[in-house]
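S.K.: I would like the atomic coordinates for the input below:
(2 chains)
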Amino acid sequence: MKTLGDAWAWLADSAHWAGDDGIWHRLTQHLVLTVVCLLISCMIALPVALVLGHLGKGGALAVNISNVGRAVPTFAVLVLLLLTPLGKWGDGPTVVALVLFAVPPLLTNAYVGMRGVDRGVVQAARGMGMTGRQMLWRVELPLALPLVLSGVRIAAVQLVATATIAALAGGGGLGRIITAGFNLASTPQVVAGAVLVAVFALLVEGVFEVAERVAPRWARGRGSAG
Amino acid sequence: MTAPPDDCLARNEWICGEYLSTRRQILLDAVVQHLQLTALSVLIALVIAVPLAVLARRWGWAAGPVLALTTILYTIPSLAMFSLLLPVYGLSASLVVAGLVLYSLTLLVRNILAGLRAVPEDTRQAARGMGYGPVRLLLAVELPLALPAAMAGLRIATVSAVSLVTVGAIVGFGGLGNLIYAGMNTYFKAQVLTASVLCVVIAVAADMLLLGVQRLLTPWERASGAARP
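M.R.: Numbers count the residues shown, from 1 in each chain, chains lettered A, B, ... in the order given. Modelled structure (predicted):
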């Protein structure tokens, strides 16, 4: 309990919030990093998954990429990239490692969502004379949306959590507060940093939860969309 | 004065046979530590997860809190998790194990519970009709039928644990992660690549092993694919 009190005291000290090593700056870095990586991952994974799902090909590929992705430690990828020429390029290695980490869940969820669309509905659309492109945009994607979005949610929360690892390799973000605490042997700072990251991750989870509640009915979870 | 050796270690190349032969013992120790940390934490998580899932299945009201708690635990970043447990365990291997247990717990409880819930009511009633008591029903009917889903969860948990152990390098108990961390600071390419590849090899080997165990334990499942969470 004493540690939590110390951590709270550390957080309450306004000196720890300002400046380049301050909490606000680290929080902003963390947020920007997460959003940028999420956008890049979505731009890479979603088109591929939607097209593969529409064509009904590459299912094994989508699932296997996801499994392999889980086996590769993000920390190892980050350090490997850091030692390549890419390492000189600021946040480059971090972004690449995090994108590689976020692509598999996006890919798998979107693909499974597309394949889960009722075949009867798809055939009815084809019977109505829709082209492949029309079917993808107007029938399959709207019906697959709940699962696609749940993939985005999983990726976002995991990105927030994993972006901390960037700090181990000297990058920015909230993880930096933790690693700095370790280097200073300051347990209150380590715990305070950990609480900050955990709260941030839960907050992102909460934002998605709320967004899902207020979203139109067709974009919600499987249960209500049917 | 002898000239400095001109080998791949001196040239700091990515792939280096010299590294493998001279650091064999270091690599071996790291792999052993990695395996110990992974196995111990997944086993402890399994021992906790099975009763939790069974309880959540028995008493419907317990399912919500159990799932919510494990999900919150999973959302906490690994680096933060290790840090939050720091005051409790100090800089020790138990710190890493405790963190990994909390992570594996989510995946296991979720999957075992899903497996138990998927047991058809007809099957349970048939067993009851044959005079099975609640304990025998659980041990002889429900748990075996939940096995494919549970094993799927176990495989995911194990593979994730293998990769998460590396983060334990922050407290000095990260198995191969220690080598990656040290290699990063000294710009030692061969060490980073070798340790990273070994991590992936361990994860894939563990996954294959569990898949084999699953096939042996559930001969009736062979025709269909493995259950997914």
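
S.K.: buried ones in the lengthiest helix in chain A?
M.R.: If you go by DSSP state H, chain A has its longest helix at helix A:23-55. For helix A:23-55, a neighbour-count test (16 or more other C-beta atoms under 10 Å in any protein chain shown) marks A:23, A:25-27, A:29-31, A:33-34, A:36-38, A:40-42, A:44-46, A:48-50, A:52-54 as buried. The way it works is simple: take the backbone N, C-alpha and C, and place the C-beta from them, glycine included.

S.K.: Stretch B:51-60 now?
M.R.: Per 16+ other C-beta under 10 Å, stretch B:51-60 contains these buried residues: B:52-54, B:56-57.

S.K.: so which pair among those residues is furthest apart in space?
M.R.: Greatest spatial distance among these (C-beta to C-beta): B:Leu52 and B:Arg57, at 9.7 Å.

S.K.: Which residues of chain A lie near chain B?
M.R.: Contact residues (C-beta under 8 Å from any C-beta of the partner chain) of chain A with chain B: A:3, A:67, A:70-77, A:79-80, A:82-83, A:157, A:160-162, A:164-165, A:167-169, A:175, A:178-179, A:181-182, A:187, A:190-191, A:193-195, A:197-198, A:201-202, A:205.

S.K.: what about 7 Å?
M.R.: With C-beta under 7 Å from any C-beta of the partner chain as the criterion, chain A meets chain B at residues A:3, A:70-73, A:75-76, A:79-80, A:82-83, A:157, A:161-162, A:164-165, A:168-169, A:175, A:178, A:182, A:187, A:190-191, A:193-194, A:197-198, A:201-202, A:205.

S.K.: Show me how to select, in ChimeraX, the buried members of those residues.
M.R.: Selection of buried members from those for ChimeraX, criterion 16+ other C-beta under 10 Å:
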select /A:3,70,71,72,73,75,76,79,80,82,83,157,161,162,164,165,168,169,175,178,182,187,190,191,193,194,197,198,201,202,205
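
S.K.: Centre-most residue in chain B?
M.R.: Among the residues of chain B, the one closest to the centroid is B:Thr158, at 2.3 Å (C-alpha atoms, centre = their mean).

S.K.: Is the helix or strand where it lies in proximity to chain A?
M.R.: Using DSSP states H and E, B:Thr158 sits within helix B:143-165. Yes - contact of helix B:143-165 with chain A (C-beta under 7 Å from any C-beta) involves B:156, B:159-160, B:162-163.

S.K.: Which strands or helices does that helix pack on?
M.R.: With contacts defined as 3 or more C-beta pairs under 7 Å, 6 or more residues apart in numbering or on different chains; DSSP states H and E, helix B:143-165 has these neighbours: helix A:59-71, helix B:24-58, helix B:93-117, helix B:189-217.

S.K.: Next, the buried residues of it.
M.R.: B:143-165.

S.K.: Kindly report the same for stretch B:191-203.
M.R.: Buried, per 16+ other C-beta under 10 Å, within stretch B:191-203: B:191-196, B:198-200, B:202-203.

S.K.: Now tabulate those residues in JSON lines and tack on pLDDT.
M.R.: Converted to JSON lines, those look like this (pLDDT from 0 to 100):
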{"residue": "B:Gln191", "pLDDT": "90"}
{"residue": "B:Val192", "pLDDT": "91"}
{"residue": "B:Leu193", "pLDDT": "92"}
{"residue": "B:Thr194", "pLDDT": "91"}
{"residue": "B:Ala195", "pLDDT": "92"}
{"residue": "B:Ser196", "pLDDT": "92"}
{"residue": "B:Leu198", "pLDDT": "93"}
{"residue": "B:Cys199", "pLDDT": "94"}
{"residue": "B:Val200", "pLDDT": "93"}
{"residue": "B:Ile202", "pLDDT": "95"}
{"residue": "B:Ala203", "pLDDT": "93"}
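
S.K.: Turn those residues into CSV, including distance to chain A.
M.R.: Putting the buried residues of stretch B:191-203 into CSV (distance: C-beta to the nearest C-beta, whole Å) gives the following:
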residue, distance to chain A
B:Gln191, 10
B:Val192, 5
B:Leu193, 7
B:Thr194, 11
B:Ala195, 7
B:Ser196, 4
B:Leu198, 10
B:Cys199, 5
B:Val200, 5
B:Ile202, 9
B:Ala203, 4
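
S.K.: Columns distance to B:Val135 on top of the residues you listed, output as JSON lines?
M.R.: Converted to JSON lines, those look like this (distance: C-beta to C-beta, whole Å):
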{"residue": "B:Gln191", "distance to B:Val135": "52"}
{"residue": "B:Val192", "distance to B:Val135": "52"}
{"residue": "B:Leu193", "distance to B:Val135": "52"}
{"residue": "B:Thr194", "distance to B:Val135": "50"}
{"residue": "B:Ala195", "distance to B:Val135": "46"}
{"residue": "B:Ser196", "distance to B:Val135": "47"}
{"residue": "B:Leu198", "distance to B:Val135": "43"}
{"residue": "B:Cys199", "distance to B:Val135": "41"}
{"residue": "B:Val200", "distance to B:Val135": "42"}
{"residue": "B:Ile202", "distance to B:Val135": "37"}
{"residue": "B:Ala203", "distance to B:Val135": "36"}
